[in-house]
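Enquirer: Sequence first, then the predicted structure:
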Amino acid sequence: MSHYPALRLRRTRSSAWSRRLHAETLLTPADLTWPLFVTEGEEVEEAIASLPGVSRWSVDGIVARAKDAAAAGIPCLALFPNTPPALRTEDGGEALNPDNLMCRAIRAIKDAVPDIGVLTDVALDPYTAHGHDGLVDAAGYVLNDETAEILVGQALNQARAGADVIAPSDMMDGRVGLIRAALEDEGFVNVQIMAYAAKYASAFYGPFRDAVGSRGLLKGDKKTYQMDPANAEEALREVALDLDEGADSVMVKPGLPYLDIVRRVKERFEVPVFAYQVSGEYAMIEAAAAAGAGDRDALVLETLMAFKRAGCSGVLSYHALHAARLMGA
């Protein structure tokens, strides 16, 4: 290898064109999935205080956001419903309603913007009165196998409405295989599964729970089914199981605090790996920008680039539309 002064690593950084030419990682709008929150009503926009700049939208508003996303080059939307309190029950039965909020939003998007992908969350926390992702027993323990059966019905309900990607986020054991088998049996052979394979019991989810209306409902915590933040080898086991059961891609959640997991998953399995830049991460960037501690645009693009550099095929981010527009400017 050459040595200084024959070798000057700053040489290729000396101009903007050269920096672009030598960039090792490329970030484009096609790398982004935009999470959106759906609420009841018409022409409704409800600002979420803990997620400044993010709102819940009624179905007509979600369709408008889908058009914005398509125009900006974003290929996929992720939907999360804010189910009315009156429809939240102990068993989360509204998840199986073919005319529920989620299904109406899916159909409306696919009618208006058929070429955009729709990724749907499969878990019961937006539908349960207790805020957990599944059924609970008398002691408050979340039941695995009984919950998995309902998740199959929920996944089929969303696939029938037109969902392109089913994303089980509940962390129940065995549910990916059950969902894959049910989709195949019903002829949904091209509906993808993006498994929340390494979802940690994180402190970064608070604003999301505000957005879907479950924060005040949650009894206890989710540590018996979401992963311990101390564990990395367990994440690899979770990913291996979900891939064996038929997942097309896997997700690591949260994002930036778990880039080591993203890298290890990508190197071990060489499959599409996605990360969710979760609500708490978004809120921290917004708070930093509001406090003058950093430039918002630069913070957004740098953090998204970090996901790609770590090995992500794509990122779910509340900053998706803003970032896509920055890239297209």
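Expert: Now that the structure is in, tell me what you want to look at. Numbering: from 1, shown residues only.

Enquirer: what's the weakest-modelled helix or strand in this protein?
Expert: helix 206-212 (a mean of 87; mean pLDDT, DSSP states H and E).

Enquirer: helices or strands up against it?
Expert: Counting contacts by 3 or more CB pairs under 8 Å, 6 or more residues apart in numbering; DSSP states H and E, helix 206-212 is packed against strand 76-81, helix 279-290. No exception for glycine: its C-beta is placed from N, CA and C like everyone else's.

Enquirer: what about Gly187, how many residues close to it?
Expert: Residues within reach of Gly187, counting by other CB atoms under 10 Å, total 9.

Enquirer: Need the contact partners of the host helix or strand of Leu236.
Expert: Here Leu236, judged by DSSP states H and E, is contained in helix 233-244. With CB atoms under 8 Å, 6 or more residues apart in numbering as the test, helix 233-244 has contacts from 173, 176-177, 195, 197-198, 227-228, 250, 252, 261, 264-265, 268-269, 271.

Enquirer: With stretch 97-108 instead?
Expert: Against stretch 97-108 from outside (CB under 8 Å, 6+ apart): 38-40, 59-60, 62-63, 79, 81-83, 87, 94, 118, 120-121, 157-158, 160-163.

Enquirer: now, which of these lie within helices?
Expert: When DSSP state H defines the helices, the subset of the contacts of stretch 97-108 inside them is Val59, Asp60, Ile62, Val63, Asn157, Gln158, Arg160, Ala161.

Enquirer: Measure how buried the fourth one is and give me the count.
Expert: Counted with other CB under 10 Å, residues neighbouring Val63 total 18.

Enquirer: Go through the ones in helices among the contacts of stretch 97-108 and give me the one with the most neighbours.
Expert: Gln158 leads these on contacts (other CB under 10 Å) with 28 neighbours.

Enquirer: now the helices: where do they sit in the stretch 201-329 of the chain?
Expert: Listed in chain order, the helices of the stretch 201-329 of the chain (DSSP state H, counting those that start in this stretch) span 206-212, 233-244, 259-269, 279-290, 296-310, 320-328.

Enquirer: and the fourth one, what does it pack onto?
Expert: Counting contacts by 3+ CB pairs under 8 Å, 6+ apart, helix 279-290 packs against helix 206-212, helix 296-310.

Enquirer: one more time with 6 Å
Expert: helix 206-212 (3 or more CB pairs under 6 Å, 6 or more residues apart in numbering; DSSP states H and E).

Enquirer: circling back to that earlier point, got a ChimeraX select line for the buried ones in the contacts of helix 233-244?
Expert: Of the contacts of helix 233-244, the buried ones go into a single ChimeraX selection, burial set by 16 or more other CB atoms under 10 Å:
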select :176,177,195,197,198,227,250,252,261,264,265,271
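
Enquirer: which among the contacts of helix 233-244 gets closest to Pro207?
Expert: Nearest to Pro207 among the contacts of helix 233-244: Val252, at 19.0 Å, using CB to CB.

Enquirer: and the gap between the closest one and Pro272?
Expert: For Val252, the distance to Pro272 equals 12 Å [CB to CB, to the nearest Å].

Enquirer: With Leu236 instead?
Expert: Distance, Leu236 to Pro272, using CB to CB: 16 Å.

Enquirer: that older thread, show me which residues of the helix holding Leu236 are buried.
Expert: Neighbour counts over helix 233-244 (16+ other CB under 10 Å) mark Ala235, Leu236, Glu238, Val239, Leu241, Asp242, Leu243 as buried.

Enquirer: Taking those, tell me the two that lie furthest apart.
Expert: The widest separation within the buried residues of helix 233-244 (CB to CB) is 12.6 Å, between Ala235 and Leu243.

Enquirer: Can you give me the first-to-last residue distance of stretch 203-219?
Expert: Across stretch 203-219, the terminal residues are separated by 16 Å (CA to CA, to the nearest Å).

Enquirer: what does it contact?
Expert: Contact with stretch 203-219 is made by 37, 48, 50-51, 80, 82, 125-126, 130-131, 254, 278-281, 283, as judged by CB atoms under 6 Å, 6 or more residues apart in numbering.

Enquirer: repeat for stretch 278-289
Expert: Counting by CB under 6 Å, 6+ apart, Leu51, Pro52, Phe204, Pro207, Phe208, Pro254, Gly255, Leu256, Gly294, Arg296, Leu299, Tyr318 sit against stretch 278-289.

Enquirer: okay, the third one: pLDDT?
Expert: What it means is Phe204. Phe204 carries a pLDDT score of 95 in this model.

Enquirer: Repeat that for the first one.
Expert: What the model reports as pLDDT for Leu51 is 94.

Enquirer: nearest spatial neighbour of it, skipping sequence neighbours?
Expert: Excluding its sequence neighbours, the residue lying closest to Leu51 (CB to CB, 6 or more residues apart in numbering) is Pro207, at 4.6 Å.

Enquirer: all strands in this protein, in order from the N-terminus.
Expert: 32-38, 45-47, 55-57, 76-81, 117-122, 165-168, 192-199, 249-253, 273-277, 314-317 (DSSP state E).
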